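J.: The sequence and its predicted three-dimensional model are supplied below.
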Amino acid sequence: MPEPAALRSGTSVALVTGAASGVGLALVRELAARGAPRIYAGVRDVGSVTGQFDGLDAQVVPLDITDPRQVAGAADACGDVSLLINNAGYASTQRLVGAADDGAARREMEVNYFGTLAMIRAFAPVLARNGGGCIANVLSVAATIPFPVAGGYSASKAAALFLSTVARAELAGQGTSVVSLILGSVDTKMAAHVAGAKQDPREIARASLLAIDKGYEVYDTDPMAVAARAGYALDPARYHRALARQLDDPQVRV
């Protein structure tokens, strides 16, 4: 069985999903700064493109990862991709059991798990034709630690983390590496309701591309992710109690 091909982010033809803002946009900009020969910016709502890609050699691709036709169309249109970054995600800010919207958790799973799975299935043959390449899945520390304040999001990202591990095993034979990027709290619109210190998306993008370049399988991209995972490993029961208490904190919006 061949080893996954070594791959440098600055020499790869890349597709980034959820590229219109936040970490996705930061990844597009960082890839451009590194000289990536071609960058496809997957955008769910093309109307949201209002100049954020100006000055970047990036081609906007209409791409709702929950739409099978758009996923298949992207695979056909972006046949030279050697680096797929599954960044698109959705967080409902609803509780899981006590949700006001019964469909919130289903939407989180549709985007964060099934949408990511659809992209991997569609682009695995593309990457195989192009020498193997790499898939990077942008996940969350909530994938590794159950977060009651974001229960549906946490469950969907945990499913995506398991998906990453399984895909890594399935695709190793074609030389495709799969990287799980574990993010902490990042200063994006998705996390606008979250209190506390947040990481600059540009720093997350740089750390993520470094992990891809170095061939990591799982990588904590920032200090919050590292600290949270370390604290959980030291005393899971204590961590569970602390997280549960957050549900009663009036400063925590869920």
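T.: Structure's in. What do you need?

J.: in terms of contact, does residue 61 touch residue 71 like I think?
T.: No. In this structure, residue 61 is not within contact of residue 71 by CB atoms under 8 Å, at 10.7 Å. Any C-beta I mention is one placed from the backbone N, CA and C, and that applies to glycine too.

J.: how far is whichever strand or helix holds residue 39 from where the chain is centred?
T.: Taking DSSP states H and E as the definition, residue 39 sits inside strand 38-43. Mean-position distance between strand 38-43 and its chain equals 15 Å (CA atoms, centre = their mean, to the nearest Å).

J.: Can you give me the distance of residue 236 to residue 146?
T.: From residue 236 across to residue 146, the span is 10 Å (CB to CB, to the nearest Å).

J.: between the two, which one's more packed in?
T.: More neighbours surround residue 146 than the other of residue 236 and residue 146, with 18 against 12 (other CB atoms under 10 Å).

J.: need the strands for the stretch 1-150 of the chain, in chain order.
T.: For the stretch 1-150 of the chain, applying DSSP state E, counting those that start in this stretch gives strands covering 13-16, 38-43, 58-62, 83-86, 134-138.

J.: What lies in contact with the last one?
T.: The reference is to strand 134-138. By CB atoms under 8 Å, 6 or more residues apart in numbering, the surrounding residues in contact with strand 134-138 are 4-5, 7, 12, 23, 82-87, 89, 116, 120, 123, 127, 160-161, 163-164, 167, 171, 176-181, 183, 208, 211-212.

J.: re the thing from before, in its sheet, what does the strand holding residue 39 sit against?
T.: Strand 38-43 has the following strand partners under DSSP bridges: strand 13-16 (parallel), strand 58-62 (parallel).

J.: Of all those, which one is nearest residue 142?
T.: strand 13-16 (21.1 Å; CB to CB).

J.: mind listing what residue 28 touches?
T.: Residue 28 makes contact with 16, 19, 39, 41, 53, 56, 58, according to CB under 8 Å, 6+ apart.

J.: and the gap between it and residue 80?
T.: Taking CB to CB, one finds residue 28 at 17 Å from residue 80.

J.: again, but for residue 167
T.: Counting by CB to CB - residue 167 and residue 80 are separated by 21 Å.

J.: same thing with residue 133?
T.: Using CB to CB, we find residue 133 at a distance of 10 Å from residue 80.

J.: These two - which one has more neighbours?
T.: The neighbour comparison of residue 133 against residue 80 (other CB under 10 Å) goes to residue 133, with 26 against 14.

J.: Many thanks, I have nothing further to ask.
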